[in-house]
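**Student:** the following block contains a protein sequence and its predicted model.
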Amino acid sequence: MQEVLIRALAVLASVDLRAEVAAIRQSALVIAGDRDTLVPIAAARWLAITLPNARFVPIVGAAHVPFLSHPDAFAAALDEFLDEREASC
């Protein structure tokens, strides 16, 4: 298991797909904790701005796993996003 994780992290470190992001047309919800030190909130904000159909939801006080540390805020953001998607269909 550890070897698989090491190989996966090596791929992440060596592949840059930022130029491809704008081509993704699927609706997306980008949720980020404002205290995340692994993926800075600026990176999440960039992703949401660059994806053509994305919404950005920062979760105040959350770090890298807001679905664990702030489950109510995470669920509320997800519910709202999914409700809007359902209404637009």
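**Tutor:** Perfect, thanks for sending it.
**Student:** in the strand or helix carrying Ala42, which residues are buried?
**Tutor:** Using DSSP states H and E, Ala42 sits in helix 41-50. Neighbour-count burial for helix 41-50 flags Ile41, Ala44, Leu47, Ala48 (criterion: 16 or more other CB atoms under 10 Å). Any C-beta I mention is one placed from the backbone N, CA and C, and that applies to glycine too.
**Student:** quick check, nearest of these to Ser27?
**Tutor:** Proximity to Ser27 was ranked across those by CB to CB; first place goes to Ala48, at 11.5 Å.
**Student:** give the contact list for that closest one.
**Tutor:** Applying CB atoms under 8 Å, 6 or more residues apart in numbering to Ala48 gives the contacts Ala28, Val30, Ala54, Arg55, Phe56.
**Student:** over to Arg25?
**Tutor:** Pro52, Asn53.
**Student:** just give me the residue right at the centre of this structure.
**Tutor:** Val30 (3.8 Å; CA atoms, centre = their mean).
**Student:** hmm, that residue is touching Ile59, no?
**Tutor:** No: at 11.2 Å, Val30 does not count as touching Ile59 under the criterion of CB atoms under 8 Å.
**Student:** if any of the contacts of Ala48 are buried, put those into a PyMOL selection.
**Tutor:** The following PyMOL line selects those of the contacts of Ala48 that are buried, judged by 16+ other CB under 10 Å:
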select buried, resi 28+30+54+56
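**Student:** residues of the helix or strand harbouring Asp83 that come out buried?
**Tutor:** Assigned by DSSP H and E, Asp83 belongs to helix 71-88. With burial defined by 16+ other CB under 10 Å, the residues of helix 71-88 counted as buried are Ala73, Phe74, Ala77, Phe81.
**Student:** ok so, going back, strands - which of the contacts of Ala48 land there?
**Tutor:** Judged by DSSP state E, the subset of the contacts of Ala48 located in strands is Ala28, Val30, Ala54, Arg55, Phe56.
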